[in-house]
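Visitor: I'll drop the sequence and a predicted model, then ask my questions.
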Amino acid sequence: MKSLAYLNKYFYKYRWRLVPGVLFVVISNIFGVLPAQVIRVAFNLVAENIQIYHLYSGFERQRIIYDIFGASLLLFGSLVLVLSLLRGLFLFFMRQTIILMSRHIEYDLKNELYEHYQKLSLAFYRRHNTGDLMNRVTEDVSRVRMYLGPGIMYAINTIVLFILTVYAMMSVNVRLAFFSLLPMPLLVLSIYYVNNIIEHRSERIQEKLSSLSSFVQENISGIRVIKSYVREGFVNERFEHESENYKSHSMELTRVQALFFPMMLLLVGVSNVLIIYIGGVEVMKGNITSGNIAEFVVYLGQLTFPVMSLGWVSSLIQRAAASQKRINEFLHEQPQITSATTAIHTVAGKVEFDNVSFTYPDTGIEALKSVSFTIEPGQLVAIIGRTGSGKSTMANLLMRMYDVTGGEIRIDNQLIRQLNLEDYRSQVGFVPQEVFLFSDTIANNIAFSANKLDMAAVEQAAKDAAVYDNIAELENKFLTLIGERGVTLSGGQKQRVSIARAIIKQPQILIFDDCLSAVDTRTEEAILGNMGRIMKGKTSVIIAHRISTIRNADKILVMENGRIAEQGNHQQLMDLKGVYADLYDKQLLEEQEEIH
């Protein structure tokens, strides 16, 4: 229950729904208890009037007594019906307040969790898989809502009805009430014992469900690889194993929950036997009437459903507690990258890496070691090097996806960690190495960074990214829907749409992280030519593997094992006859072999 205490702030927020809801619960249960007392009077009336009716056998008054008797029963029956209708009305009001409150809290909690996801750093997403993140914001929140709505509603209803019914029973006959409720403590102890088992197994079920969701999400995303390697059978076997694991844990929980209902029915049956036996003894003693036995049977019937729902409610609460605990784990996770609250700064484009070192927090891999360089506004700087040399890490640090573990990065002579992060990133265009396109139209993908869809700007960005002609050939052109991760486009087209998305925001700093690898040389030259025009007077950083891509850069940084091995322009680096010249000769040789 400690985990569920997090929800108290929502109870306070929606107190004007919760308080009336509780009031409606009390009123509905008052109307639920009163019919038993009406039935007692009616039952006594029947017993007394039958004797009087037989006493006047053969007299005219017998007919009058019969009519009065029938009218009285009709009146009592109508009264029971009216009380039931009033109870139903207030039960409706109860659901309209408490259940609607749970829906509002579900909405708020999902928004809070998703908003918190947006604030968390990139390192968090490297540690957690997508399926688990999705499961916590959907399945776990839904289980918490079941506690907030039906769980609380039925729990309050049970408590109020139990208090009213026990009070009514005690006011009639203490001895009979005592024996009627004698099986209840045994039921409470049983529920307490079984709930501990339910809580433990519920938590394990949620873990298994997250694992299953992650497996399905990952394999659907990689369906092309699965089909290419003809691994459908293998994946099916693994899915069956994961699904069987989830099913077996769910079945274990179901077996435990199945004990509740037979146990409760048995205890209710025992209570009925005790009511009839002890009640009969009390009637013979003259302490109560036969109508009181009928009244107690009705009271017990009133308690049957709430007592039977105790198992279900306790299961809801325990499963909600397990789910809220999982939700709290992420809500209490603090972002490693926090934005400074400084005033908005217009980026000029000067970038300085001062003795920068970086070690990935989740793997411990040292990606950069004492890297220092300066980029002046308006310069085109290229970064080249072998795989794993730290090129993409530099791009991530420049976007402040991570904070440096040593040294400093400055933008326009200000420490990057002292800049307003949202304002800074809004002035930087970034094309990542792994292109991601949303399941939307091409136009909306390109205009993603803009506040509104400007088709003229979208088309111009597509022309600058040399993808306009490809889009124009499509049947719906810019309104073409592309699938998840842009599966309807080729690798080169996806890269160019991603470039157009960065260009349209007219950034002060543009970063290309090896995003021209899937385009041909002629297209690459066209893109770079357009970029030179668009980024005139602005800073551009290109990370590439092909030297032909970056040979015209103002400055080239050659990375090796996380350090800058060489830096200068193309001619200066060729004259050094070092790492850069060696890379150039090897690539030139590979191109010649491809031609032959």
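Guide: Structure's in. What do you need?

Visitor: Nearest spatial neighbour of the residue positioned nearest the centre of the chain, chain-adjacent residues omitted?
Guide: The centroid of the chain falls nearest to V137 when counting by CA atoms, centre = their mean (0.6 Å). In this structure, V137 finds its nearest non-sequential neighbour in L113, 5.1 Å apart by CB to CB, 6 or more residues apart in numbering. All C-beta spots, glycine's among them, are computed from the backbone N, C-alpha and C.

Visitor: so that neighbour, which of the three states?
Guide: helix (DSSP: H, G, I helix; E, B strand; the rest coil).

Visitor: start at 12 instead
Guide: New numbering, starting at 12: the last item is L124.

Visitor: what's the burial count for it?
Guide: Neighbours of L124 under the rule other CB atoms under 10 Å: 18.

Visitor: ditto for E577
Guide: Quick note: E577 (other CB under 10 Å) scores 18 neighbours.

Visitor: Mind giving me the packing neighbours of the host helix or strand of it?
Guide: Here E577, judged by DSSP states H and E, is contained in strand 574-579. In this structure, strand 574-579 packs against strand 377-386, strand 566-571, helix 581-587, helix 590-606, with contacts taken as 3 or more CB pairs under 8 Å, 6 or more residues apart in numbering; DSSP states H and E.

Visitor: again, only using 7 Å
Guide: Secondary-structure packing of strand 574-579 (3 or more CB pairs under 7 Å, 6 or more residues apart in numbering; DSSP states H and E): strand 377-386, strand 566-571, helix 590-606.

Visitor: most packed of these?
Guide: Scoring those by mean neighbour count under mean count of other CB atoms under 10 Å gives strand 566-571 as the most buried, with a mean of 22.

Visitor: Could you pull up the mean pLDDT of the helix or strand where S403 lies?
Guide: Following DSSP H and E, one finds S403 within helix 402-409. Averaged across helix 402-409, pLDDT comes to 87.

Visitor: now the angle from that helix to strand 574-579?
Guide: Here helix 402-409 runs at an angle of 90 degrees relative to strand 574-579 (axes from the mean of the first three to the mean of the last three CA atoms, to 10 degrees).

Visitor: Dump the C-alpha coordinates for helix 402-409 into CSV.
Guide: Provided in CSV are the C-alpha atoms of helix 402-409 (Å, rounded to 0.1, in the frame of the first residue of the first chain):
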residue,chain,number,x,y,z
LYS,A,402,32.5,10.3,-34.0
SER,A,403,28.9,9.7,-33.1
THR,A,404,29.7,10.3,-29.4
MET,A,405,30.9,13.8,-30.3
ALA,A,406,27.6,14.5,-32.1
ASN,A,407,25.6,13.3,-29.1
LEU,A,408,27.6,15.5,-26.7
LEU,A,409,27.1,18.4,-29.0
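
Visitor: what packs against the helix or strand just after that helix?
Guide: Using DSSP H and E, the next helix or strand after helix 402-409 towards the C-terminus is strand 417-422. For strand 417-422, the elements it packs on are strand 362-370, judged by 3+ CB pairs under 7 Å, 6+ apart.

Visitor: Centre of the chain to the strand it packs on, how far?
Guide: Offset of strand 362-370 from its chain centre (CA atoms, centre = their mean, to the nearest Å): 36 Å.

Visitor: residues of it that come out buried?
Guide: In terms of neighbour count (16 or more other CB atoms under 10 Å), strand 362-370 has its buried residues at 362-364, 367-370.

Visitor: From the chain's centroid, how far away is the helix or strand hosting A188?
Guide: With elements taken from DSSP H and E, the one containing A188 is helix 185-191. For helix 185-191, the separation from the chain centroid amounts to 49 Å (computed by CA atoms, centre = their mean).

Visitor: quick one: the strands in the stretch 62-211 of the chain?
Guide: With DSSP state E, counting those that start in this stretch applied, the stretch 62-211 of the chain shows no strands anywhere along its length.

Visitor: Show me the shaky parts of it.
Guide: 62-73, 76-77, 199, 202-203, 206-207, 210 (pLDDT under 70).

Visitor: how does the protein divide into domains?
Guide: Following the assignment in automatic domain parsing, the chain carries domains at 14-342, 356-438+519-607, 445-517.

Visitor: can those domains go into JSON lines with extra columns for distance to T349?
Guide: Shown next, in JSON lines, are the domains of the chain (distance: least, CB to CB, whole Å):
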{"stretch": "domain 14-342", "distance to T349": "9"}
{"stretch": "domain 356-438+519-607", "distance to T349": "8"}
{"stretch": "domain 445-517", "distance to T349": "22"}
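
Visitor: between those domains, which one is nearest to I348?
Guide: domain 14-342 (4.5 Å; CB to CB).

Visitor: Just the endpoints, please. Distance across the closest one?
Guide: 12 Å (CA to CA, to the nearest Å).

Visitor: From L448, how far off is D525?
Guide: Using CB to CB, to the nearest Å, D525 is found at 17 Å from L448.

Visitor: wait, K296
Guide: Taking CB to CB, one finds K296 at 85 Å from L448.

Visitor: who has more neighbours, the two?
Guide: Between K296 and L448, counted using other CB under 10 Å, the more crowded position is L448 (23 against 9).

Visitor: Am I right that the more buried one is in a helix?
Guide: No - in this structure, L448 is coil, not part of a helix, as judged by three-state DSSP.

Visitor: which stretches of the stretch 162-311 of the chain form helices?
Guide: Along the stretch 162-311 of the chain, the stretches classed as helices by DSSP state H, counting those that start in this stretch are 163-183, 185-191, 195-232, 234-239, 243-269, 271-296, 301-342.

Visitor: helices and strands around the last one, which ones?
Guide: Packing partners of helix 301-342 (3+ CB pairs under 7 Å, 6+ apart): helix 26-66, helix 72-130, helix 152-157, helix 163-183, helix 185-191, helix 195-232, helix 271-296.

Visitor: What are the contacting residues of the third one?
Guide: Spelled out, that is helix 152-157. Contact with helix 152-157 is made by 113, 117, 120-121, 124, 327, 330-331, 334-335, 338, as judged by CB atoms under 7 Å, 6 or more residues apart in numbering.

Visitor: wait, is A359 part of a helix?
Guide: No - A359 is assigned coil when assessed by three-state DSSP, not a helix.

Visitor: contacting residues around it?
Guide: 388, 423.

Visitor: cool, and the one 4 residues further on?
Guide: Contacts here follow CB under 7 Å, 6+ apart; on that basis E363 touches 385, 420-421.

Visitor: quick one on the thing from earlier: most tightly surrounded among the helices and strands packed on helix 301-342?
Guide: Of the helices and strands packed on helix 301-342, helix 152-157 is the most buried (mean count of other CB under 10 Å), at a mean of 21.
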